[in-house]
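S.K.: Build me a structure from this.
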Amino acid sequence: MLQEKEEMKEQSICKVCMANDSNAIFLPCGHFVCCNICACALTHCPICRTPIKGTICVYRS
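M.R.: Numbers count the residues shown, from 1 in each chain. Alright, predicted model coming up:
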């Protein structure tokens, strides 16, 4: 159970800064790997290199 919790936490971390939780979805590719702070600094998706045309902020509850 603890290992599963750690894996889930690791998956939700921003893949750019490794400090904040991911909360930005890139459009049009739909990748969900960055926080809003890092997403604002990017012009291309760090996963697929597609130009970012917009972002959607995700609020987890």
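
S.K.: Spell out the residue ranges of the strands in this protein.
M.R.: Using DSSP state E, the strands assigned to the chain run over residues 24-27, 54-57.

S.K.: Quick check: buried residues in stretch 53-61?
M.R.: residue 55 (16 or more other CB atoms under 10 Å). Every residue, glycine included, has its C-beta placed from N, CA and C.

S.K.: Endpoints of that stretch, how far apart?
M.R.: 26 Å (CA to CA, to the nearest Å).

S.K.: hmm, who's touching it?
M.R.: 21-28, 32, 36, 39 (CB atoms under 8 Å, 6 or more residues apart in numbering).

S.K.: Give me the buried subset of these.
M.R.: 22-26, 32, 39.

S.K.: and the longest helix anywhere in the chain, average pLDDT?
M.R.: Scanning the chain for the longest helix, with DSSP state H as the assignment, gives helix 2-12. Helix 2-12 shows an average pLDDT of 81 in the prediction.

S.K.: Likewise for stretch 35-52?
M.R.: On average, stretch 35-52 scores 96.

S.K.: hmm, which two among the buried ones among the contacts of stretch 53-61 are most spread apart?
M.R.: 23 and 26 (11.8 Å; CB to CB).

S.K.: Pull the number of nearby residues for residue 52.
M.R.: By other CB atoms under 10 Å, 19 other residues sit near residue 52.

S.K.: show me what contacts it?
M.R.: Counting by CB under 8 Å, 6+ apart, residue 52 has contacts 26-27, 39, 42-45.

S.K.: go again using 6 Å as the cut-off
M.R.: For residue 52, the contact set (CB atoms under 6 Å, 6 or more residues apart in numbering) comprises residue 26.

S.K.: now swap in residue 23 and tell me
M.R.: Taking CB under 6 Å, 6+ apart as the test, what residue 23 contacts is 35-36, 57-58.

S.K.: ok, now residue 26?
M.R.: 45, 52, 55.
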